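K.L.:
kindly return the folded structure for what I paste below:
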Amino acid sequence: MDLALLAIASETAESLQADALYYRQADGIYYGGWTDYPHAVIELFPMKFHPVSGIRQAVLDMANAAVNFNLPMLPQAVRDEALALERRGWITRCARGAKAKQYRSYPNHLIGLGKWSITGRCNYRCRHCFLSAPDARFGELPTAECLRIIREMAEVGIHAVTLTGGEPLVREDFLTLVDELCKHDITVTQIATNGALVNERLLDALEDRGVRPIFAMSFDGVGWHDWLRGIPGAEKQLMGKFELLARRGFTTSSAMTLHRKNVGVLRESINRLADVGASLAIINRMLEVGEWLKNGEGLTLSQAEIFQAYLDYLPCYYADGKHIKVTLNRIAELYPGSYEYDLLPIKPPCDFNTHTVCGSTYHAFLLNGDGKLTPCIAIAGMNGMQENFADLTKMHLRDALEHSRLAELVGTSIADHQRANPKCMACPYHRWCQGGCPAQALEFDDTNYNGVDYLRCEFFEKHWADRIINRLKETVPEAHCRNLPADFPLLDR
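P.N.:
Coordinates of the predicted model:
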């Protein structure tokens, strides 16, 4: 289909057609090409990417505010697809010649999201900080360096970032960085903060710029938040910030890290978050990294203890009926207003030769406060991995993504991972596990990114899927696991 001819025909037919129809890419949608996906759509809310081809690709090429989709010469299939993409929210109607994003090709693999720790400094003294922010271990880059990195993000096709730290709001140039991101059409989708510096003035400044991120503010349990955060009164202050953000219409989410002191208030804490308007609660296990290595005081729960705590909580979620999505990390995802749930360790079928062990780290990254590119925040503070990180003070982001030791690691296919780990190759659950989580594997050997994730082994070998399904059958008969494959080997099948 010759788009140039169609555009010309559209212009000449304009005077003859009063019902001309033009489209452009919708806000939060980016259509472009990368080395692994020549034509793909990145959807920011929620973050997903979709390879496209055929008629769908043609429609997106023509959604440039120049082609009249009501021209009789356009095949009906094209017009039908345009209406379908409009309903899906990928394209939107506009005036002829309106400002419209254009397809752009990038010389690197697709990166959907940049997670950026813009500083290693923090105003709290958290006992479990992955990055040892109380001691500012990773520091921060000067403003000029940050502005350069933002330009490089735009050059490799990154359209969304989350800003974290340390505590990102301690940077005096925080809004300067936000302005530069906006200038390059990079959306700030989330700010991860302890909440102490969130105030009306900050929210006004963000709204003036058209920036409405999710505020992710960790809450570490009713009665235990102050202890873990090292600041008296932190819990009371945090609840007030959730309420402020709810009044102002900002979406909030939270994470809670379980240990022996707070595991008994899991249910109460999730309900408290729901009551102050949080849309999501992510429940994590404590990792033996960073500050927790010296502050953990023997309080780390075993994986079996974590799984048991999750198992005990599951019926409570449905009994309480709170409007909050809950992710029991490494186990299950629960959805408000629904009896459907997902078992997270069970992954859908894929090509083991082309899919990486951790898709999240291949299609996203964490940029540390010192300019080091790392796979994720859990790995960023691991001493054994430091030499594998790419240094953006010495190389362009594009080269770090494509031609560095880090790129080799995160690009490891599931098939290569299995060949390196005979235990995985022989495991009857390898079709669904697909290598597990590298960050969890590194807890057992912090120099081996592609080691065995023994915590994922615990889930499959100790039949936690059976336990969860059976517990919910007994207590919540309506509950249904929506991602359980028909051939998954449950014990009672």
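
K.L.:
break down the stretch 301-450 of the chain into its strands, ranges please.
P.N.:
Using DSSP state E, counting those that start in this stretch, the strands of the stretch 301-450 of the chain run over 325-328, 332-334, 340-343, 364-367, 372-374, 390-391.

K.L.:
which elements pack onto the lengthiest helix in the chain?
P.N.:
Ordering each helix of the chain by length in residues (DSSP state H) puts helix 303-320 first. Applying 3 or more C-beta pairs under 8 Å, 6 or more residues apart in numbering; DSSP states H and E, one finds that helix 303-320 contacts helix 266-275, strand 280-285, strand 325-328, strand 332-334, helix 454-461, helix 464-475. Heads up, the C-betas are built off the backbone N, CA and C, glycines and all.

K.L.:
list just the one of the strands of the stretch 301-450 of the chain that sits closest to residue 476.
P.N.:
If you check each of the strands of the stretch 301-450 of the chain against residue 476 by C-beta to C-beta, strand 340-343 wins as the nearest, at 9.6 Å.

K.L.:
pLDDT (mean, whole number) over the closest one?
P.N.:
Mean per-residue pLDDT for strand 340-343: 98.

K.L.:
also stretch 419-432?
P.N.:
Mean predicted confidence for stretch 419-432 is 94.

K.L.:
if we can go back for a sec, and of the helices and strands packed on helix 303-320, who's closest to residue 209?
P.N.:
Closest among these, using C-beta to C-beta: strand 280-285, at 24.2 Å.

K.L.:
which other helices and strands contact that closest one?
P.N.:
Using 3+ C-beta pairs under 8 Å, 6+ apart: strand 280-285 touches strand 252-258, helix 266-275, helix 303-320, strand 325-328.

K.L.:
6 Å instead?
P.N.:
strand 252-258, strand 325-328 (3 or more C-beta pairs under 6 Å, 6 or more residues apart in numbering; DSSP states H and E).

K.L.:
what average pLDDT does stretch 455-466 get?
P.N.:
Stretch 455-466 carries an average pLDDT of 95.

K.L.:
sorry, wrong one. I was asking about stretch 326-334.
P.N.:
Here the average pLDDT along stretch 326-334 is 94.

K.L.:
from residue 127, how far off is residue 259?
P.N.:
Applying C-beta to C-beta, to the nearest Å, the value for residue 259 to residue 127 is 9 Å.

K.L.:
next one: residue 98
P.N.:
Distance, residue 98 to residue 127, by C-beta to C-beta: 52 Å.

K.L.:
between the two, tell me which one has more neighbours.
P.N.:
Shown here are residue 98 and residue 127; by other C-beta atoms under 10 Å, residue 127 has more neighbours (22 against 14).

K.L.:
can you spell out the domain ranges of the chain, please?
P.N.:
For the chain, automatic domain parsing gives the domain ranges 3-103, 113-301, 359-461.

K.L.:
now render these as CSV, adding distance to residue 327.
P.N.:
CSV is the format used below for those (distance: least, C-beta to C-beta, whole Å):
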stretch, distance to residue 327
domain 3-103, 13
domain 113-301, 5
domain 359-461, 13
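
K.L.:
for residue 482, find the nearest of the ones you listed.
P.N.:
Once C-beta to C-beta is applied to the domains of the chain, the stretch that comes out nearest is domain 359-461, at 14.7 Å.

K.L.:
distance from the chain centre to that closest one, please.
P.N.:
Centroid separation for domain 359-461 versus its chain: 16 Å, with C-alpha atoms, centre = their mean, to the nearest Å.

K.L.:
over to stretch 243-257?
P.N.:
Centroid displacement of stretch 243-257 relative to its chain, using C-alpha atoms, centre = their mean, is 17 Å.
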